[in-house]
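Asker: Only the shape, not the letters, is given here:
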Ligand SMILES: Cc1cc2nc3c(=O)[nH]c(=O)nc-3n(C[C@H](O)[C@H](O)[C@H](O)COP(=O)(O)OP(=O)(O)OC[C@H]3O[C@@H](n4cnc5c(N)ncnc54)[C@H](O)[C@@H]3O)c2cc1C
């Protein structure tokens, strides 16, 4: 704690509650990301409790980054100067049942929002594998769940309130400002401080989750489209050995047209007889209920339960999005590297995501399949495997996940994102002096 500076932004009570919660982010006296693989470059961490405090902070600080829930694996959130957390701003601002939208403070997590929304009879269209992440941090990096008809989480955003570098409040909506809005939603933390987000909602729904074991790569190859179409959300897990997906997770809505009919076999895979963790050796205690047990949407869409450590904990992650029509070829291309990959891998997950129109989304105008790697926490080894994977995926123009580890060169990112120049222009308008920039953005976006 020696170096960290917490700033009291308003009343003592506010500052005290913010300080006690934020100090739990240190391990034990360094400020790190959730996985602990990244020690941030400053320990100066401020917390804001109101819009006015944020505006004052923006006006008086020449350079800083907003920290969300710190779940990115790379340095996209890092700062050498200072951090601002909106963690104390975590409420539902308003819910419009008729328009089917909810407006939330940017510090809220999906885990906080979902049960409140459900209690009011509403739901979101999808969630990531974990509910622990902030809505703002997730949307700004185009975080996604699975389901070929489901856009990433950012596609639910219908309006944004951002405090730009001048301190001015900028309001953008899908309806009023379709062009800039589509540039701003996946904003990579480069445009300003997001203070409020409006999300599309729908009537609450129930789901069942089923897991099947041992789907062969041959079955995947022959029936990829049928497998992806079989349920609302589909995840395939493999360690790349034995031409086999060890687990297939199917999340099914109960509405008649969407329900999955769980037979004992699924393209040769066998229905599991107990709850499983995607990493089969780990206890399923931290996983959401499976075995077809009926439950609310927010307790089935994520793989991991709120209140428990998601995934493995000590890990690294990488993920590449390829066009859906190249999915099978791309998966088989990665499989060729299995003997380089598996020794460093905890598990791979393959998910489908619908196309969208958000400029910096990896699914921009591309129905996509994402090939995800949960790695052991050994960056020297992983950093050697990533270029090989990126080379194999090269012919499919892979777009890396903005919040995970990659070694794709800025020029290749530029080639993969046709709206990147427009995004740079938008960022220059909202932040002409680079207040919200950092090494990640300077290298990958502004230096591209
Ligand atoms: C165990 C685990 C599982 C995961 N599963 C998935 C998954 O299923 N799907 C997936 O796509 N990703 C997944 N991720 C990745 C993760 O969800 C994303 O990287 C997401 O961005 C994390 O949000 P955060 O709030 O923690 O972001 P942070 O790391 O805190 O910040 C990310 C970016 O958001 C910016 N930011 C945050 N809040 C604001 C704000 N209010 N205003 C402006 N900028 C802001 C930061 O400046 C930074 O640029 C997973 C990560 C972990 C650790």
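Answerer: Sure, I can see it. Only a predicted model underlies this, so the values are computations on that prediction, with no experimental measurement involved. Numbers count the residues shown, from 1 in each chain.

Asker: Report the contact partners of the residue nearest the centre of the chain.
Answerer: Ranked by distance to the mean C-alpha position of the chain (C-alpha atoms, centre = their mean), the top residue is residue 143 at 2.6 Å. Taking C-beta atoms under 8 Å, 6 or more residues apart in numbering as the contact definition, residue 143 lies against 128, 133, 137, 152, 153, 154, 403. Placement of C-beta: from N, CA and C, glycine included.

Asker: can you list the residues you listed in CSV and add distance to the ligand and neighbour count?
Answerer: Below are those laid out as CSV (distance: C-beta to the nearest ligand atom, whole Å; neighbours: other C-beta atoms under 10 Å):
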residue, distance to the ligand, neighbour count
128, 3, 21
133, 4, 27
137, 2, 25
152, 7, 28
153, 8, 23
154, 10, 24
403, 2, 23
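
Asker: can you list the residues of the stretch 1-150 of the chain near the ligand?
Answerer: Residues of the stretch 1-150 of the chain lying close to the ligand (C-beta under 6 Å from any ligand atom) are 34-35, 65-72, 76-77, 86, 106, 128-130, 133-134, 136-138, 140-141, 143-144.

Asker: Was I right to think residue 131 contacts residue 108?
Answerer: No: taking C-beta atoms under 8 Å as the definition, residue 131 is not a contact partner of residue 108, at 11.1 Å.

Asker: helices and strands around the longest helix belonging to the chain, which ones?
Answerer: Counting by DSSP state H, the longest helix found in the chain is helix 379-393. In terms of contacts (3 or more C-beta pairs under 8 Å, 6 or more residues apart in numbering; DSSP states H and E), helix 379-393 is packed against strand 316-323, helix 327-335, helix 338-341, strand 368-375.

Asker: can you list those in a markdown table and add mean pLDDT?
Answerer: Formatted as a markdown table, the helices and strands packed on helix 379-393 follow (pLDDT from 0 to 100):
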| stretch | mean pLDDT |
| --- | --- |
| strand 316-323 | 98 |
| helix 327-335 | 98 |
| helix 338-341 | 98 |
| strand 368-375 | 98 |
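
Asker: so which of those gets nearest the ligand?
Answerer: Nearest to the ligand among the helices and strands packed on helix 379-393 is strand 316-323 (6.0 Å), distances taken as C-beta to the nearest ligand atom.

Asker: how many degrees apart are the closest one and strand 368-375 in direction?
Answerer: 160 degrees (axes from the mean of the first three to the mean of the last three C-alpha atoms, to 10 degrees).

Asker: Buried residues, strand 316-323. List them.
Answerer: 316, 317, 318, 319, 320, 321, 322, 323 (16 or more other C-beta atoms under 10 Å).

Asker: Contacts only, for the third one.
Answerer: Going by C-beta under 8 Å, 6+ apart, residue 318 touches 73, 372, 373, 375, 382, 386, 389, 400, 401, 404, 405, 406.

Asker: now do 6 Å
Answerer: 373, 404, 405, 406 (C-beta atoms under 6 Å, 6 or more residues apart in numbering).

Asker: now swap in the first one and tell me
Answerer: Contacts were defined as C-beta under 6 Å, 6+ apart; by that measure residue 316 touches 37, 73, 375, 377, 382, 405.
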